[in-house]
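Asks: sequence plus the predicted model coming up.
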Amino acid sequence: MFFDQPLPLGKVSFMFIILTFALSVTSMPADMGKGRRKVVHVLEDDTGAVIVQTAPGKVVTHRGGSITLPCRFHHEPENIDPNRIRIKWTKVTDALQFEDVFVALGRQQRVFGSYRGRVYLEQEGPGDASVIIQNVTLEDYGRYECEVTNDMEDDTGFVNLDLEGVVFPYYPQEGRYKLNYHQAEDSCKQQDAILASHSQLHKAWLEGLDWCNAGWLEDGSVQYPISHPRDQCGRKDTPAGVRNYGYRHKDDERYDAFCFTSKLNGKVYFLKRFKKVNYAEAMKACIRDGSLVAKVGQLYAAWKFQLLDRCEAGWLEDGSIRYPIVNPRSRCGGPQPGVRHLGFPEKKFRLYGVYCFRKNKNEETGSIQETKSPTERKSSSSTPMNATVMI
């Protein structure tokens, strides 16, 4: 690594290395002040030379998976006491709020909130501040800050955690444009999903999502994706894209929702029966089969990841009738793949099939098998490092 100015004597200088996979690179300004907080990302080329870049990277996994958030640091002089190094990870929300995730000072470590039991230091040698997140949840999606501090200086770097998944539009039985922001957030959670981010909606649009009703996103904005411009959806002569209403009043204004879900910890299936059933009979039928009626988000995840393809309409938990099509055919709802929605019929007298969801066996017992931390895997010690006292 090359520096334009010599390091001041008597001070410790930190340099972060956030491992990324971006191809475009730019160099840091030569006159960057010593005391300024800065974000430095690097990528090593085939020759081993280090290239400085400022574009943030991202790591990708799915719900239930494990992922490493990479962060490395270097300090001069190198003989500094490692017990004086403080490593802190926080999650940064779109509202510029910070949620504590993990902090370590020497051998003392603490994990916060919903991350307890799931986050560990990677510990792959000196200068490694990377953490491993196990059993990743939908709520783990987002931007994380890695901060390393000693007695005199601190520096930070950022990593974006992305999830493989699917975005879907949602509105309740009461009809369209009935949800304020908080109701939209709750509706997505009830359907095994979260409110989608703008980047998730934009990616879905790039993959062909076309929806003519505006919906809430996680940042409080209201948007909708148009792949085929038409007069009913903002004029035919306007370009395709994600239309944006901007940030709306979260309590007073009402729209639909765009939800995001990821890989299932279970399986969705169409329950084979000799006769069709009403909603109450559908609920009982799934329970008798050791399952529950599937949620909307679960059906979308099954369509995306299981490639579930069934040309039979069935009940879902919210009272809607839907069916998933991977391979379009003439008698199954049109030329495009997707999850067909037939609305919310009267529950007592209308008869359909039913889609059930069965959890994986380790989920059914109410506990997920705990994966050992890197420290526990490397050592047979009865006291893992991440089980130490609070800081």
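Replies: Perfect, thanks for sending it.
Asks: C-alpha only now, for contacts and for neighbours.
Replies: OK.
Asks: in this structure, which residue is closest to the centre?
Replies: When Cα atoms, centre = their mean is applied to the chain, the residue found nearest the centroid is residue 141 (2.9 Å).
Asks: ok, that residue touching residue 162?
Replies: Yes - distance between residue 141 and residue 162: 5.7 Å, which falls inside the contact criterion (Cα atoms under 8 Å).
Asks: report the buried residues of stretch 157-166.
Replies: 157, 158, 159, 160, 161, 162, 163, 165, 166 (16 or more other Cα atoms under 10 Å).
Asks: in CSV, list those residues along with pLDDT and secondary structure.
Replies: Written out in CSV, the entries for those read as follows (pLDDT from 0 to 100; DSSP: H, G, I helix; E, B strand; the rest coil):
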residue, pLDDT, secondary structure
157, 86, strand
158, 89, strand
159, 91, strand
160, 93, strand
161, 94, strand
162, 95, strand
163, 96, strand
165, 97, strand
166, 98, strand
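Asks: could these be laid out in CSV, adding distance to residue 192?
Replies: Formatted as CSV, the entries for the buried residues of stretch 157-166 read as follows, by distance: Cα to Cα, whole Å:
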residue, distance to residue 192
157, 32
158, 28
159, 25
160, 22
161, 19
162, 18
163, 15
165, 12
166, 12
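Asks: from those residues, which single one is nearest residue 199?
Replies: Residue 199 has its nearest neighbour among the buried residues of stretch 157-166 in residue 162, at 9.8 Å by Cα to Cα.
Asks: quick one, what contacts the closest one?
Replies: Contact partners of residue 162, counting by Cα atoms under 8 Å, 6 or more residues apart in numbering, are 58, 59, 60, 61, 141, 142.
Asks: which residues does it form beta bridges with?
Replies: Partner residues in beta bridges with residue 162, using DSSP bridges, are residue 60.
Asks: over to the one 5 residues further on?
Replies: On the basis of DSSP bridges, residue 167 takes part in beta bridges with residue 260.
Asks: residue 208 versus that one, what's the distance?
Replies: Note on residue 167: its distance to residue 208, by Cα to Cα, to the nearest Å, is 11 Å.
Asks: okay, and for the stretch 51-200 of the chain, where does confidence drop off?
Replies: Counting by pLDDT under 70, the stretch 51-200 of the chain contains low-confidence ranges at 51-57, 76-79, 94-95.
Asks: count the neighbours of residue 84 for me.
Replies: A total of 12 residues lie near residue 84 under the criterion other Cα atoms under 10 Å.
Asks: looks like residue 87 contacts residue 150 (just checking).
Replies: No - under the contact definition of Cα under 8 Å, residue 87 does not touch residue 150, with a separation of 9.1 Å.
Asks: settle it for me: which of residue 167 and residue 208 has more neighbours?
Replies: When residue 167 is set against residue 208 and neighbours are counted by other Cα under 10 Å, the residue ahead is residue 167, at 25 against 14.
Asks: which of the buried residues of stretch 157-166 lies closest to residue 327?
Replies: Distances from the buried residues of stretch 157-166 to residue 327 were compared by Cα to Cα; the smallest belongs to residue 166, at 17.3 Å.
Asks: do I have it right that the closest one meets residue 258?
Replies: No - shown here, residue 166 and residue 258 do not form a contact pair, counting by Cα under 8 Å, at 10.3 Å.
Asks: one step back: and the residue nearest to the centre of the chain, how far from residue 92?
Replies: The value you get for residue 141 to residue 92, if Cα to Cα is used, is 10 Å.
Asks: look up how far residue 179 lies from residue 187.
Replies: To residue 179, residue 187 is 9 Å away according to Cα to Cα.
Asks: now do residue 59
Replies: Relative to residue 179, residue 59 is positioned 33 Å away (criterion: Cα to Cα).
Asks: now the closest residue to residue 173 other than its chain neighbours: which helix or strand?
Replies: On the basis of Cα to Cα, 6 or more residues apart in numbering, the spatially nearest residue to residue 173 that is not a chain neighbour turns out to be residue 344, at 6.0 Å. Assigned by DSSP states H and E, residue 344 belongs to no helix or strand.
Asks: kindly report the same for residue 104.
Replies: Element membership for residue 104 (DSSP H and E) is strand 98-105.
Asks: in that strand, what's buried?
Replies: Of all the residues in strand 98-105, those buried under the rule 16+ other Cα under 10 Å are 100, 101, 102, 103, 104, 105.
Asks: that older thread, list residues touching both of residue 167 and residue 208?
Replies: Residues touching both residue 167 and residue 208 by Cα under 8 Å, 6+ apart: none at all.
Asks: if we can go back for a sec, quick check: the farthest pair among the contacts of residue 162?
Replies: Based on Cα to Cα, the longest span within these runs between 61 and 142 and measures 11.9 Å.
Asks: for stretch 103-116, buried residues please.
Replies: Applying 16+ other Cα under 10 Å to stretch 103-116 flags 103, 104, 105, 108, 109, 110, 111, 115 as buried.
Asks: which of these lies closest to residue 172?
Replies: Distance from residue 172 was checked for each of the buried residues of stretch 103-116 by Cα to Cα. The minimum falls on residue 115, at 31.5 Å.
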